[in-house]
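In: coordinates for the following, if possible.
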Amino acid sequence: MRKKFRNHTKKIKIIFIVAFISLFSASCSTTPPKNKHNLCEIFEEKDDWYDAAADMRDKWGVPIHVPMAMMYQESSFRDDARPPRDYIFFGLIPWGRVSSAYGYSQAKTPTWADYVRETGNSGADRDDFEDAIDFMGWFISKTYKINGISKWDAYAQYLNYHEGWGGYKRKTYLKKQWLIAVSKKVKARSLTYAKQLKTCEEDLKSGWFFGIF
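Out: Numbering: from 1, shown residues only. Predicted coordinates:
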């Protein structure tokens, strides 16, 4: 009887610990911007994001609005974003994720490892905005070198980001009309972001937005 009681108590403790860890992890997660459709408001709210994005631009020669539009599409600016779960046995049993993509940039584990190795950014985390935007700048820059795609071409850059450099060369996207449609949305959003940024970047550089709070 005592053994059963101890086992029952142990199970309750385990459940409590798991629940506590889940709640703690959720509380540590960075919330997405309130208005994801306006780049000025994003940078006003997340006051360290503009500096990180500007550093990425200076380092890789990539315009800010392109990776930001791609990031919107990939994760909606959620630091803990993951792809949906995969299921087996007629969709009844969850079995991992459909890919290893994670974080703001939805970078897959092997590609992220390549980035870390090539840049030496050994402490980089996919759920850190500064690291994620730098990763995207690195990828966009490599896409330009490998496939000759302009760093300003959000449409073709997103196709490369989704299909990989080899997949883009093989034109695998031509069989995915949904992906072409999504890439057009990314292009449209990047143009909107670019226009918005022109109206507020001087204030962002001077820190005027942040000084009023």
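In: low-confidence ranges, the chain, go.
Out: By pLDDT under 70, the weakly predicted segments of the chain are 1-29, 82-99, 208-213.
In: change it to 80
Out: 1-29, 81-100, 207-213 (pLDDT under 80).
In: what are the ranges of the strands in the protein?
Out: Per DSSP state E, the chain carries strands over the ranges 85-88, 93-97.
In: ranges for the helices of this structure?
Out: Assigned by DSSP state H, the helices in the chain fall at 2-28, 39-45, 49-60, 65-75, 109-119, 129-147, 154-169, 177-206, 208-211.
In: from these, which stretch is densest packed?
Out: Comparing the helices of the chain by mean neighbour count (mean count of other CB atoms under 10 Å), helix 65-75 ranks first with a mean of 24. Backbone N, C-alpha and C define where each C-beta goes, glycine included.
In: got the angle for that one vs helix 154-169?
Out: 70 degrees (axes from the mean of the first three to the mean of the last three CA atoms, to 10 degrees).
In: do you know how far the nearest residue to Leu204 once chain neighbours are set aside is from Ile64?
Out: In space, and not counting its chain neighbours, Leu204 is closest to Tyr50: 4.8 Å by CB to CB, 6 or more residues apart in numbering. According to CB to CB, to the nearest Å, Tyr50 stands 8 Å off from Ile64.
In: show me the domain layout of this structure.
Out: Using automatic domain parsing, the domain ranges for the chain come out as 1-30, 34-211.
In: give me phi/psi at Arg78?
Out: As for Arg78, its main-chain torsions (degrees, to the nearest 10) stand at phi -100, psi 130.
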